[in-house]
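**Student:** coords below, sequence missing:
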């Protein structure tokens, strides 16, 4: 009897090991981290910068036309054993966002875009990471009325898959809220409209949740602070460190 129990236990252990081996390297979850190491459930959508120093560059490198470096989101892919998954093909599906108020630039300076599908794809590095710098803007107008913000997608309109494995969703947000080739007072007005009209929850607009907070009222002072950084940079003359915004061709 004891021998049978030992055999059964051994078979169970072997079965668990085989199952773990089968799941090793298969994407099962992800994390997202914004510029500066700040965790946030958001993909930053950045305006294009053209012909000036890149604001996010450590050495003031000149750029031609690329996504503003502050619009960085590092996505890391893990398997079921919490191991990082290298060489994984990751797809961000923005179709639920572009159906509302998001316009993606075509081409993308850093990633592969499929305009008809509204997807952006890239491959994880040896550490299981992708540094996403997605170029685009939103096309919001003024608030609908005193209690309703301009129409747009809510939180978590982006779905993430890795090697065809569905991993979850994340919010798309960015500072250019009206698609007017840069960040200006009109964008500030849209953010304030979203801020003061985000109750009830159906009124929350993902576009202005720049810090990716998960609070009951996610649009807050932190989001305002991020947009103001862009706003003040946008009025600095050409040649200064902030660079200048450039329009892009939408999908």
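**Tutor:** The structure has been received and is ready for your questions. These figures come from a predicted structure and were not determined experimentally. Numbers count the residues shown, from 1 in each chain.
**Student:** what ranges of the stretch 1-150 of the chain fall below the confidence cut-off?
**Tutor:** Along the stretch 1-150 of the chain, the model assigns pLDDT under 70 to residues 1-23, 35-39, 49-66.
**Student:** Tell me which stretches of it form strands.
**Tutor:** Here the stretch 1-150 of the chain has its strands, by DSSP state E, counting those that start in this stretch, at 27-34, 38-39, 42-46, 48-50, 65-67, 73-79, 89-93, 102-104, 112-114, 119-123, 129-132, 134-138.
**Student:** between the ones you listed, which one is nearest to residue 173?
**Tutor:** Closest to residue 173 of the strands of the stretch 1-150 of the chain is strand 42-46 (C-beta to C-beta; 5.0 Å). Every C-beta, even on glycine, is put in place using the N, C-alpha and C of the backbone.
**Student:** Please name every helix or strand in contact with that closest one.
**Tutor:** strand 27-34, strand 73-79, strand 134-138, strand 165-173 (3 or more C-beta pairs under 8 Å, 6 or more residues apart in numbering; DSSP states H and E).
**Student:** want to throw those strands into CSV with distance to residue 249?
**Tutor:** Output for these, formatted as CSV (distance: least, C-beta to C-beta, whole Å):
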stretch, distance to residue 249
strand 27-34, 26
strand 73-79, 22
strand 134-138, 10
strand 165-173, 19
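**Student:** so of the ones you listed, which one's packed in deepest?
**Tutor:** Compared across these, strand 134-138 shows the largest average neighbour count, a mean of 28 (mean count of other C-beta atoms under 10 Å).
**Student:** What lies in contact with that strand?
**Tutor:** By C-beta atoms under 8 Å, 6 or more residues apart in numbering, the list of residues contacting strand 134-138 from outside reads 43-48, 66-67, 71, 73, 92, 101-105, 108-109, 111, 120, 152, 174, 176-179, 207, 248, 250.
**Student:** Tell me how many other residues crowd residue 43.
**Tutor:** 26 (other C-beta atoms under 10 Å).
**Student:** And for residue 209?
**Tutor:** 27.
**Student:** looking at the strands of the stretch 1-150 of the chain, which is closest to residue 165?
**Tutor:** Here strand 27-34 is closest among the strands of the stretch 1-150 of the chain (C-beta to C-beta), at 4.5 Å.
**Student:** So which residue is dead centre in this protein?
**Tutor:** The residue lying closest to the centre of the chain (C-alpha atoms, centre = their mean) is residue 43, at 0.9 Å.
**Student:** Tell me what that residue is bridged to.
**Tutor:** Beta-bridge partners of residue 43, counted by DSSP bridges, are residue 172.
**Student:** close enough to count as contact, it and residue 130?
**Tutor:** No: checked against C-beta atoms under 8 Å, the pair residue 43 and residue 130 is beyond contact range at 11.0 Å.
**Student:** joint contacts of those two?
**Tutor:** Overlap of the contact sets of residue 43 and residue 130 (by C-beta under 8 Å, 6+ apart) is empty.
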